[in-house]
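[1] need a 3D model of the following:
(one chain, ligands or ions: 2)
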Amino acid sequence: MSWIAESLSRVTRPMRLRLRRTVTPLSLTTLSLTTLSLAVLSPSVLAVEYNMPVGVTAVSREIHSLHMIIFWICVVIGIVVFGVMGYAMIKHRKSRGAVSASFHENTRIEILWTAIPLLILVVMAVPATATLKDMYDASESALDVKITGHQWRWQYEYLGEDVAFTSSLATPREQINNTAAKGEHYLLEVDNPLVLPINRKVRFLTTSADVIHSWWVPDFGVKKDAIPGFINEAWTRIETPGTYRGQCTELCGKDHGFMPVVVEALPEAEFDEWLIARKAEAEAALNDAGRDWSLEELMEKGEKTYATICASCHQPDGQGMPPAFPSLVGSAIVTQDMQAHIDIVVNGKAGTPMAAFADVLSPVELAAVITYERNAWGNDTGELVQPAVIKEQLSQ
Ligand code: HEC
Ligand SMILES: [Cu+2]
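    Ligands and ions are numbered 1, 2, ... in the order given. From the prediction side, this is the model:
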């Protein structure tokens with residue numbers, strides 16, 4: 001084995017010399033200069049980059065200050081422990097004739113090094129428990145929003161208000177595929193943000209229609225798992241109007257990084273107006289489902305629905321990604337059996353990623369996307385399905 005050590009040292013000795021002569025002083029200077037300029041020039045930038053946000057709710061501030069308290073306790077413990085260790089190692093080193101001590105029969109020190117950490121734990125646990133208690137108290141809310149996770153979008157329902165909509169990624173495909181410059185809110189922008197009032201307690205009820213997702217808005221200090229078959233509770237009371245962004249924080253499949261959360265917080269009066277307008281819109285859309293639609297109208301609407309909801313699996317050109325996601329071009333269901341086509345889109349197919357879209361899309365959107373699939377990419381069937389037919393089937 002000695003030949004290995006020898007040849008190694010033959011290689012490393014000149015290297016070490018060279019390193020010491022040139023690279024080390026240079027790189028040390030650069031390193032310290034960079035650190036210094038970073039620390040001096042942009043302390044605020046550093047704080048934004050590396051710390052969690054203070055946020056805009058009482059709970060998020062509580063979480064932040066708890067985090068800072070525990071951080072500083074850890075810093076003090078770190079300095080004391082490593083200081084004592086360093087001091088002991090240097091002071092009592094072997095070359096100065098130190099002989100190792102035996103603490104094993106010292107009851108006093110055993111009690112001390114059990115009691116002190118216990119005390120520290122208790123000091124940390126008291127504020128942490130108080131914050132947790134606060135976070136879990138979702139009682140007496142002014143507004144309840146049910147949040148359902150889908151692969152890969154969020155669905156929001158304002159309970160008791162007859163307002164519901166889905167919220168999908170709005171970042172253009174070109175930015176994702178690197179054929180266009182990335183925008184300011186790349187992958188953090190949606191078509192329909194969740195709109196909430198400030199200064200009112202809002203309760204979130206999270207669940208999922210397929211796999212586990214997690215709804216997270218750092219500025220609210222809210223992060224709640226959305227689990228199929230369960231309903232979890234969280235709440236917030238926003239203090240400042242604005243746009244707040246978050247993401248799904250549970251690995252939920254192929255487009256896990258493509259289901260952001262965007263919340264628009266409005267002053268109370270503005271929110272009330274928005275809710276009334278939204279209700280009227282929903283009612284108008286429902287009435288709209290009753291009339292006769294032309295092929296062109298359905299195609300135009302269907303193309304949009306397809307792009308936001310279906311293209312992530314079946315691809316913009318309908319070719320899918322076989323064998324995981326089937327091609328819809330020339331498929332028997334899409335070009336022949338209309339009822340089978342309606343059934344699979346409305347009810348999904350159990351045990352596959354093809355979800356039921358009955359609750360996600362309106363009758364008009366369902367009719368439009370089915371019509372679009374039957375007439376796009378060379379599937380020139382010329383067939384259309386009226387929203388009224390879908391509405392009728394949904395009500396059965
Ligand atoms: C999460 C991925 C995913 C999304 C999103 C999705 N599908 Fe599917 N789809 C599938 C899979 C997987 C199948 C195959 C199911 C099976 O095994 O039969 C399928 C099958 C289909 C079929 C039957 C195709 C055939 O020939 O068997 C149709 C039609 C269809 N999807 C339409 C849609 C429409 C319309 C949308 C949007 C509203 C949509 N899909 C969104 C995954 C998806
Ligand atoms: Cu998710």
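[2] output the set of residues of the stretch 151-300 of the chain in proximity to ligand 2.
    213, 248, 252, 259 (CB under 5 Å from the ion). For glycine as for every other residue, the C-beta is placed from the backbone atoms N, C-alpha and C.
[3] quick one, grab the pLDDT at residue 126.
    Reading off the confidence values, residue 126 has pLDDT 89.
[4] ok, residue 171 next?
    In the prediction, the pLDDT value recorded for residue 171 is 92.
[5] before we move on, the earlier item: distance to ligand 1 and pLDDT for the residues of the stretch 151-300 of the chain next to ligand 2 - can I get that in TSV?
    Output for those, formatted as TSV (distance: CB to the nearest ligand atom, whole Å; pLDDT from 0 to 100):
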residue	distance to ligand 1	pLDDT
213	13	97
248	14	96
252	10	94
259	11	94
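[6] which of the residues you listed fall in strands?
    Among those, the residues falling in strands (DSSP state E) are 213, 248.
[7] just among the residues of the stretch 151-300 of the chain next to ligand 2, which is most surrounded?
    Among these, residue 213 has the most neighbours (other CB atoms under 10 Å), with 31 neighbours.
[8] without its sequence neighbours, what residue ends up closest to that residue?
    The shortest distance from residue 213 to any non-neighbouring residue, by CB to CB, 6 or more residues apart in numbering, is to residue 149 (3.0 Å).
[9] the stretch 151-300 of the chain: strands as residue ranges?
    Taking DSSP state E, counting those that start in this stretch as the criterion, the stretch 151-300 of the chain carries its strands at 153-158, 163-167, 194-197, 202-208, 213-217, 222-226, 232-236, 242-248, 261-266.
[10] most tightly packed of those strands?
    With neighbours taken as mean count of other CB atoms under 10 Å, those reach their highest mean count in strand 213-217, at a mean of 24.
[11] between the strands of the stretch 151-300 of the chain, which one is closest to residue 122.
    strand 222-226 (26.2 Å; CB to CB).
[12] what does the chain put close to ligand 1?
    151, 309-310, 312-314, 325-326, 328, 331, 333-334, 341, 344-345, 349, 352-354, 357, 369, 373 (CB under 6 Å from any ligand atom).
[13] are any of those buried, and which?
    151, 309-310, 312-314, 325-326, 328, 331, 333-334, 341, 344-345, 354, 357, 369, 373 (16 or more other CB atoms under 10 Å).
[14] how much space is there between residue 60 and residue 361?
    Remark: distance between residue 60 and residue 361 (CB to CB, to the nearest Å) = 34 Å.
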